[in-house]
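J.: kindly generate the corresponding structure for this input.
(one chain, ligands or ions: 1)
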Amino acid sequence: MAPALTKSEEPSKLKPTFILQRATWRPPIAVSGEGIYIELEDGRRVIDAVGGAAVACIGNGHPAVKKAIKEQVDKLSYVYNMQLSNQPAEELANYLVNSGNGAFALCGFVSGGSEAMEAIIKLSRQYFYDTKQFQRVNYIGQTVVGATTGVVAPPKGYFKAMKSVCDKYGALFILDEIMSGMGRLGTLHAWEQFADGIAPDLQAIAKGLGGGYASIGAILISQRIADGIRDTSGFWKHGHTYQAHPIATAASLAVQKVITEENLLSNIRTQGALLGSLLNARLLSPNSPLAPYVFDIRGTAGWWAVEFDFDDIANKPAVDLKGDSFAILVQQRCLENGLAIMGFRGGANVEGTRGDHVMFSPAYNVKEEEIEKIVDLFIEGAEEVYREIAV
Ligand SMILES: Cc1ncc(COP(=O)(O)O)c(C=O)c1O
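T.: Presented below is the predicted three-dimensional model:
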């Protein structure tokens with residue numbers, strides 16, 4: 001019996017699990033991965049078109065990263081960063097600070113995106129406390145909004161306006177680039193393209209920072225904040241046991257070197273453009289049964305979303321979704337057919353009731369023929385689901 005890929009499979013027939021699962025169906029067990037391909041325990045193979053959750057930015061099993069991790073384990077696996085620093089952490093911090101073209105002066109490490117945002121909120125409070133501006137608040141935005149609304153870029157001028165409000169009231173301008181940053185949109189920082197060129201006072205990064213080889217996040221700190229802290233308390237009042245972990249930082253450094261040395265930002269800009277044009281061509285072609293329901297196809301470089309509209313169907317062929325979300329059904333069917341994408345139900349409108357969308361975020365080293373295969377499998381899965389809901 002194959003593990004369940006969808007909620008329709010019979011749970012009692014599955015092998016027991018002692019993991020408190022977070023999906024309403026049982027995720028199958030992955031045993032190995034190479035590039036964008038994941039092998040499952042029962043021998044099936046899945047193409048990962050979404051990098052897990054926009055994480056695996058160079059795919060699985062890259063030899064340079066495996067080597068760096070093994071070498072680091074042989075040298076030094078752990079020190080506590082309040083007592084001792086370590087070489088890969090120092091080198092990675094140097095790389096990240098220099099990646100901002102003067103925007104950043106310091107970097108702090110954590111173990112993921114949520115920790116990075118928590119650390120930023122605390123650090124901004126520390127900055128205001130240290131500089132005796134107790135009344136101040138912050139502005140926090142995602143440079144390009146990710147999973148919730150499906151790759152929604154800000155209107156031009158939005159961040160310029162927000163920055164001027166921040167300047168007027170002395171608020172910090174903070175960007176969450178946990179999903180959008182570290183190359184996902186074809187530049188290392190999304191603000192280089194999507195925030196009217198305005199660098200943040202504080203920035204959170206994770207996901208593509210470690211590319212899935214390690215659990216790591218970081219906060220990037222501008223000179224203004226660094227000076228405010230240095231001139232007063234002088235240290236970061238924030239600690240986690242695994243901050244600046246030697247193996248995590250060594251893995252992350254190796255991932256970043258691969259992205260640079262293999263010119264992967266250029267590759268993902270090219271392959272992403274292909275992905276976007278194939279999605280447009282296939283979904284909106286005159287003989288596509290899905291065309292009437294496609295509300296929007298949007299994205300850049302390695303990050304794309306297709307939003308469907310099955311609510312306003314007055315002039316469209318009738319469907320019966322039986323209360324299900326089209327995007328979630330397509331996600332499940334695609335996985336059964338050997339393609340991992342992410343489906344989301346709603347969240348795009350103010351009421352949060354619309355915006356059924358699927359998301360693609362393949363590895364930056366994805367190849368042309370893999371993009372074609374991804375689109376083929378996606379269209380196949382989406383059309384299969386459509387045929388089942390059409391009335
Ligand atoms: C924009 C954004 N911020 C924060 C997070 C939380 O990151 P993590 O899951 O690594 O804690 C995510 C995760 O998807 C995210 O997309």
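
J.: strands of the stretch 1-150 of the chain, start to end?
T.: 30-34, 37-40, 45-48, 106-110, 138-142 (DSSP state E, counting those that start in this stretch).

J.: deepest-packed of those strands, please.
T.: strand 106-110 (a mean of 22; mean count of other C-beta atoms under 10 Å). From N, CA and C alone the C-beta is placed, and that goes for glycine too.

J.: okay, now the sheet partners of that strand, with direction.
T.: strand 217-221 (antiparallel) (DSSP bridges).

J.: pLDDT (mean, whole number) over the partner strand?
T.: Mean pLDDT, strand 217-221: 98.

J.: related to what we said a few turns ago, the strands of the stretch 1-150 of the chain into CSV, with extra columns for mean pLDDT and distance to the ligand?
T.: What follows is those, written out as CSV (pLDDT from 0 to 100; distance: least, C-beta to the nearest ligand atom, whole Å):
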stretch, mean pLDDT, distance to the ligand
strand 30-34, 98, 18
strand 37-40, 98, 19
strand 45-48, 98, 16
strand 106-110, 98, 9
strand 138-142, 97, 5
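
J.: distance to residue 127 added to those, as a markdown table?
T.: What follows is these, written out as a markdown table (distance: least, C-beta to C-beta, whole Å):
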| stretch | distance to residue 127 |
| --- | --- |
| strand 30-34 | 41 |
| strand 37-40 | 42 |
| strand 45-48 | 39 |
| strand 106-110 | 12 |
| strand 138-142 | 10 |
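
J.: what's the neighbour count on residue 224?
T.: 14 (other C-beta atoms under 10 Å).

J.: swap in residue 384?
T.: 15.

J.: circling back: wait, which of the strands of the stretch 1-150 of the chain is closest to residue 118?
T.: strand 106-110 (7.9 Å; C-beta to C-beta).

J.: distance from the closest one to the middle of the chain?
T.: 19 Å (C-alpha atoms, centre = their mean, to the nearest Å).

J.: which residues touch whichever residue of the chain sits closest to the ligand?
T.: Among all residues of the chain, residue 113 sits closest to the ligand, at 2.2 Å; criterion: C-beta to the nearest ligand atom. If you count contacts by C-beta atoms under 8 Å, 6 or more residues apart in numbering, residue 113 has them with 176, 178, 179, 204, 206, 207, 217.

J.: one more pass at 10 Å, please.
T.: Residue 113 makes contacts with 53, 55, 176-179, 204-207, 209, 216-218, as judged by C-beta atoms under 10 Å, 6 or more residues apart in numbering.

J.: likewise residue 359?
T.: 49-50, 53-54, 146-147, 150-151, 179, 299, 303-307, 327, 331, 341-344.

J.: repeat for residue 189
T.: 99-101, 103-104, 143, 175, 177, 180-183, 195, 199-200, 203, 205, 220.

J.: would you show me how to pick out the buried ones of those residues in PyMOL?
T.: To isolate the buried subset of the contacts of residue 189 in PyMOL, counting by 16 or more other C-beta atoms under 10 Å, use the following:
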select buried, resi 99+100+103+104+143+175+177+180+181+182+183+195+199+200+203+205+220
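
J.: report the entries of the contacts of residue 189 that also contact the ligand.
T.: Among those, proximity to the ligand is found for none (C-beta under 6 Å from any ligand atom).

J.: got the CA coordinates for stretch 87-95 in CSV?
T.: C-alpha atoms of stretch 87-95 as CSV (Å, rounded to 0.1, in the frame of the first residue of the first chain):
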residue,chain,number,x,y,z
GLN,A,87,34.9,30.7,11.1
PRO,A,88,32.0,29.9,8.8
ALA,A,89,29.7,32.2,10.8
GLU,A,90,32.2,35.1,10.5
GLU,A,91,32.6,34.4,6.7
LEU,A,92,28.9,34.2,6.1
ALA,A,93,28.2,37.4,8.1
ASN,A,94,30.9,39.2,6.0
TYR,A,95,29.3,37.9,2.8
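
J.: mind listing what's buried in it?
T.: 88, 89, 92, 93.

J.: quick one: mean pLDDT over the longest helix seen in the chain.
T.: Longest helix in the chain by number of residues (criterion: DSSP state H): helix 368-389. Averaging pLDDT along helix 368-389 gives 98.

J.: contacting residues for residue 255?
T.: By C-beta under 10 Å, 6+ apart, the neighbours of residue 255 are 56-58, 62, 64-65, 68, 92, 182-183, 208-214, 216, 264.

J.: same question, residue 110
T.: Residue 110 makes contact with 116-120, 204-206, 215-219, 238-240, 242-245, 248, according to C-beta under 10 Å, 6+ apart.

J.: go on, residue 76?
T.: Here residue 76 is in contact with 84, 86, 87, 88, 246, 247, 250 (criterion: C-beta under 10 Å, 6+ apart).

J.: so what's the fifth one scoring on pLDDT?
T.: Which is residue 246. pLDDT at residue 246 comes out at 98.

J.: ok, now the first one?
T.: Taken from the predicted model, the pLDDT recorded for residue 84 is 98.

J.: put together TSV for the buried residues of stretch 87-95, with distance to residue 124 and pLDDT on each row.
T.: As requested, these are arranged in TSV below (distance: C-beta to C-beta, whole Å; pLDDT from 0 to 100):
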residue	distance to residue 124	pLDDT
88	27	98
89	23	98
92	23	98
93	20	98
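
J.: much appreciated, bye for now.
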